[in-house]
Each structure stands twice: as structure tokens, then as C-alpha cells.
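> 3D, please:
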Amino acid sequence: MKVYFDNAATTPIDEEVIDAMLPYMREHYGNPSSIHAFGRTTRSAIEQARRTVASLLHVSPAEIFFTSGGTEADNMAIDSTIKARNIQTVISSPTEHHAVLHTLEELAKSGAINLHLLDVDALGYPDIQQLEELLKKHKGAFVSLMHANNETGTRIRLKEVARLVKDNDGIYHADTVQTMGHYRINLQEVPVDMINGAAHKFHGPKGVGFIFIRSGMQISPFIHGGSQERNMRGGTENLYGIIGLAKALEIAHRDMDAHQAHIMGLKNRMVESLREKIAGVQFNGDICEKSLYTVLNVSFPAGEAGEMLLFNLDIAGIAASGGSACSSGSEIGSHVLRAMKVEPQRANVRFSFSRFNTIDEVDYTVERLQELFKPATLSQA
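Below you'll find the model as predicted:
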């Protein structure tokens, strides 16, 4: 059996999405910036895609900008806002995605900003009281805190954090790459200034994403060289990627309730089965219902079985991601788990699910894991 449990890295593309993209690969190939009929056809398609994304988020189409993905959108939100507004103080956390964390660290290293990283608890939640204290001390600060962590699934209360930042005259950017297409986000109710998405995280194509920038937020263009995306991002648009993104997001919202129920069933089954069959198993992050339901970070007992765990899973046909040096082969390990003070000697693996996964795949994976950890289990008897 072949099992793909690495959906937090990328998801398989939906057949409906492929069908929506194909006409723009085969027939409608005009440059959207051209004024002739070929160009007008593709321009119209892009603007319809923009309206689709905007309507799902309850915002104006003028507030949606297409990018090459989540990383570019994060960089755009951070770099362009800080430069345009001459922001001095930035608040974030040590568990952010590297698209955010590395960007902020480079700005801090150059002396452009003073960077404050919040403490996080054992479940990976940032210290909200500390955030409030910093916001009161540094009025007008820029805050970047992700909606849900890509490694552990720990999910903050987006609306609550956004309101706290707004009440203290701050600017709030939330990396929503992992939650976009998995939760309904009504931006009329959540006063966040910028969020982003990447199509390949919700069964769309790779190489395309978007950023929402709330009306009134004056920021600098991110890529120069053309007037595309209302002068914010030069370069010919990824036409069929944008079509695919909008279709994938539309499908995700259309079928969201059923997808959530199905995936939660998979995650709960894996949690229960692992607890029953592998002694000493633990879970990193918050695995309650309020966490990101697509992600489960499992901490296996230290020992020989964990040293080559991902390799052995791969041999068994199971794709998953490592969360620490002992399980990924990385010399540095996971910055997220390190910030959470997870025991480094344990083997930590992220399993991430999609609507295309099945109960049989969960059972097969647990059986293979039970076989791998059976010696360790017996030695503890």
C-alpha cells in the first residue's frame, strides 16, 4: 500500500481543478496585459478568479493580490509594510514558518527593526499576555503570528489576537497558509490587516498563492517591472495557476463541513490507535478539536526504532515528515519543537491528512509503526 500523509507539505491536485485549468493551457493563452481579444479573455478570467477568492473571504476584489505562493506573500506583507511605514518594532514568535521568521531575522540583523519573539508554552501557544504588554509599550508595532502551526497544528484564536493588535494601534499579519481552505475566514469579522494562502495546500496547483491586504494599508510594491496586480507585483500573471487556485478554494469551501468531519475521523483514529498500540507515544502541540485538524505531530519513544523512522516508513510506502534531528536527518532539527522544549532524543514525525486519505491507510500506518516499535515496547514490559 502507498500512503501519503504529508499533506501539510503539499496536497494532490483535485481533478476538478485540473479540468478548470486545462482550457487556459490549451485554448486561452493570451497575455492578460494585452489589449486584443486574446488578452481580454484571459484578463477577464483572472479578475473572475479574484472575485471568487474575495467573495469567499468576504472582502473586496481590490484587496486580493496574486503571488507565486505563501512564501512570497509572507515576504511581501513583511518587507513592503515595514519599508513603506518605517516600522521600528516587530513582534512575532519563534515557532513561525521560516518564510516569516527568516525574513524578520534578516531585517533585524540589518538593523532595520527591533524584533521581539514571544515566549511559547509546551503546546506551542504564544504568550498573549506578553504580546499585550509589548503592544502597549510599542504603539504601532507590526505583529506577525501564524493562524495555525504547520508542524504541530496548534491554532491561535485569530479574531482575539487581531482585536488585541487593533486595540493597540498595531498592524497584524497572520500567516494562514495551513488554514486557508480548511476553515471559513470572514474578514469582515476578523480585523486582521494581511493574510495569505497557497493553492497547493488545498488541492490546487503549486507555484501560485495570494495575499489579502486590507483597504487603506499603504505598502510598497514588492516586485518591480510591470503594472500587474495594480502595480504591486510586476510580471506576467500565472494564468492557469490563478484559475486553479480560485477553483480549489471554491471546492474547499463548498465541501468544507464534510471534509472536516472525514479528516477529523482519520486524525482521531490515529491518536486512539497509537495510544493503544505503542507504549510511551506522545503528541506534540495541542491535539484537541480547536487545533488544526489536518496535522498530527507524534513523538515516539527514544531508541533504535526511532533513529531511521522516516526511512523505514518510506520503505513501507508511507510518506510523512520529520519534526526533529533524530527523525529527519537534519543536524539542526525543528525550530518549532526546540522552542516548545520537546525532548530532542525522541523521534518526532508529522502526519498530515487530506480528504483523499482513508481509514485503511491510517490502520496500515499504525500497524507498520507497531512493528517498528515492538522491540522497544517489549523491553519496557
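
> Run through the stretch 1-150 of the chain and note the low-pLDDT ranges.
Under the criterion pLDDT under 70, no range of the stretch 1-150 of the chain is flagged.

> how about the helices in it?
15-21, 23-26, 37-57, 70-75, 81-85, 98-109, 128-137 (DSSP state H, counting those that start in this stretch).

> Which one of these lies nearest to A9?
Across the helices of the stretch 1-150 of the chain, the minimum distance to A9, taken as C-beta to C-beta, is reached by helix 70-75, at 12.0 Å. Placement of C-beta: from N, CA and C, glycine included.

> hang on, the earlier thing: CSV for the helices of the stretch 1-150 of the chain, including distance to N150 and mean neighbour count?
Shown next, in CSV, are the helices of the stretch 1-150 of the chain (distance: least, C-beta to C-beta, whole Å; neighbours: other C-beta atoms under 10 Å):
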stretch, distance to N150, mean neighbour count
helix 15-21, 22, 17
helix 23-26, 30, 14
helix 37-57, 20, 18
helix 70-75, 10, 24
helix 81-85, 22, 17
helix 98-109, 10, 18
helix 128-137, 20, 15
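
> Looking at those helices, which is nearest to V342?
The nearest among those, by C-beta to C-beta, is helix 98-109 at 17.5 Å.

> Show me what the closest one is in contact with.
70-71, 74-75, 78-79, 82, 90, 92, 94, 96, 113-115, 144, 146, 175, 335 (C-beta atoms under 8 Å, 6 or more residues apart in numbering).

> Produce a ChimeraX select command limited to the buried residues of those residues.
Buried residues among the contacts of helix 98-109 (16 or more other C-beta atoms under 10 Å), as a ChimeraX selection:
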select :70,71,74,75,78,79,82,90,92,94,96,113,115,144,146,175
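
> Quick one: the helices in the stretch 251-381 of the chain, in order.
For the stretch 251-381 of the chain, the helices defined by DSSP H, counting those that start in this stretch occupy 256-277, 304-307, 309-315, 325-328, 335-339, 359-379.

> quick one on the thing from earlier: TSV please, covering the helices of the stretch 1-150 of the chain and showing distance to D121.
Formatted as TSV, those follow (distance: least, C-beta to C-beta, whole Å):
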stretch	distance to D121
helix 15-21	38
helix 23-26	46
helix 37-57	30
helix 70-75	24
helix 81-85	28
helix 98-109	18
helix 128-137	10
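
> Where does the prediction get shaky in the stretch 251-381 of the chain?
Where the stretch 251-381 of the chain drops to pLDDT under 70, the residues are 323-332, 375-381.

> so how many other residues sit close to the residue lying closest to P205 once chain neighbours are set aside?
The spatial neighbour of P205 that comes closest, neighbours along the chain excluded (C-beta to C-beta, 6 or more residues apart in numbering), is G244 at 4.3 Å. With neighbours defined by other C-beta atoms under 10 Å, the count for G244 comes to 30.
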